[in-house]
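**Q** With the sequence up front, the predicted model follows.
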Amino acid sequence: MTGRHATGGHERRAPAPERVLILGATSDIGRAVALEYARAGSDLELAGRRPEALEELAARIRAETGREARTLYFDAREMEGHDAFVAVLDPLPDGVVCLVGELGQPPHEVADAATVRNLLDTNFVGLATVLNALARRFERRGSGFIVGVSSVAGDRGRASNYIYGSAKAGLTAYLSGLRARLHPAGVHVLTVKPGFVRTRMTAGLRLPPLLTATPEEVARRIVRAQRAGREVIYHRRAWRPIMACIRALPEALFKRLRW
């Protein structure tokens, strides 16, 4: 079975990691992932831009699960500080889950240069720099895992969100290369491609119920996939064949779609 450990047709999960770093911990999916790991027995490093929200989440984790939860300030756009951010992680966590992202306000054709730069830095460039810093340390240690949450939007550029989609496409390609680079060192890299998720980021959008997940649902799938050694997952699963069909559309037809 490609991209997982299996015995007798069933996934064989690794034990819960001792300590996990969550980047973007105050996002809706980030909160859900943090709670899922804590309930499984992991201690946490919670990183994000909103200290009060991080402390609130840490207090909830301690109260509900009894696990350790430390908070750290982190901004993906402040790339000059990423090496220093990673350097203070002591002990180095077993792995990292990166959930940083920003959809922006479509239509993107009206975006000014600052907005374009912010979307690219937040969804790709800043993530690559911090994950590279972590990857170097995991590689030297000879163990670890990196989970990057990309998006189905990165599989093919849509007219309505092509800047966000191009950043996610870059992240997906980056994670693929990182997976190949780190495989010999025993470091696992998982790419997660959610479709629609009901979060603050998608509030106000009309989403199809059968293709729309909750943050808690995505979190459970991420933790299971990481512990099973998966490499690329779509969520919900129906998005894999849907995106295969979309990628196969001829450009002459695809460019006429209005979505």
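**A** The structure has been received and is ready for your questions.
**Q** All the strands of the chain, in order from the start?
**A** 6-7, 10-11, 19-23, 43-48, 69-73, 95-98, 144-149, 187-194, 196-197, 212-213, 232-235 (DSSP state E).
**Q** Looking at residue 209 now. What's its pLDDT?
**A** What the model reports for residue 209 is a pLDDT of 90.
**Q** For residue 118, list the residues it contacts.
**A** 77, 102, 104 (Cβ atoms under 8 Å, 6 or more residues apart in numbering). Every residue, glycine included, has its C-beta placed from N, CA and C.
**Q** Just give the number of residues close to the last one.
**A** Right, residue 104. Residue 104 is flanked by 19 other residues according to other Cβ atoms under 10 Å.
**Q** Run through the residues that contact it.
**A** Contacts of residue 104 by Cβ under 8 Å, 6+ apart are 111, 115, 118-119, 161, 163-164.
**Q** Ranking by neighbours, what's the top pick from those?
**A** Most surrounded of the contacts of residue 104: other Cβ under 10 Å gives residue 164, at 25 neighbours.
**Q** separation between that one and residue 121?
**A** Distance of residue 164 to residue 121, computed by Cβ to Cβ, to the nearest Å: 12 Å.
**Q** same deal with residue 177?
**A** Residue 177 sits 19 Å away from residue 121, going by Cβ to Cβ.
**Q** show me where pLDDT drops low in the stretch 101-250 of the chain?
**A** 106-110 (pLDDT under 70).
**Q** Could you dump the contacts of residue 118 into CSV and include distance to residue 27?
**A** Shown next, in CSV, are the contacts of residue 118 (distance: Cβ to Cβ, whole Å):
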residue, distance to residue 27
77, 15
102, 10
104, 15
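**Q** Which of these fall within helices?
**A** Among those, DSSP state H puts none in helices.
**Q** Now flag whichever of those is closest to residue 133.
**A** residue 77 (15.1 Å; Cβ to Cβ).
**Q** residues contacting the closest one?
**A** 118, 121-122, 126.
**Q** between the residues you listed, which is closest to residue 60?
**A** The shortest gap between residue 60 and any of those belongs to residue 122, at 25.6 Å (Cβ to Cβ).
**Q** out of residue 177 and residue 121, which sits in the more crowded spot?
**A** Legend: neighbour count by other Cβ under 10 Å for residue 177 and residue 121, higher for residue 121 (19 against 10).
**Q** Report whether the expected contact of the more buried one with residue 76 is present.
**A** Yes - with contact defined as Cβ atoms under 8 Å, residue 121 counts as touching residue 76 (6.8 Å).
**Q** Just the terminal-to-terminal distance for stretch 35-55.
**A** End-to-end distance for stretch 35-55: 14 Å, by Cα to Cα, to the nearest Å.
**Q** Give me the mean pLDDT for it.
**A** Mean predicted confidence for stretch 35-55 is 98.
**Q** Would you mark the buried spots in that stretch?
**A** Residues 35-38, 40, 42-49, 53-54 are the ones in stretch 35-55 that count as buried (16 or more other Cβ atoms under 10 Å).
**Q** so which pair among those is furthest apart in space?
**A** Comparing all pairs in these by Cβ to Cβ, the longest separation belongs to 40 and 49, at 26.0 Å.
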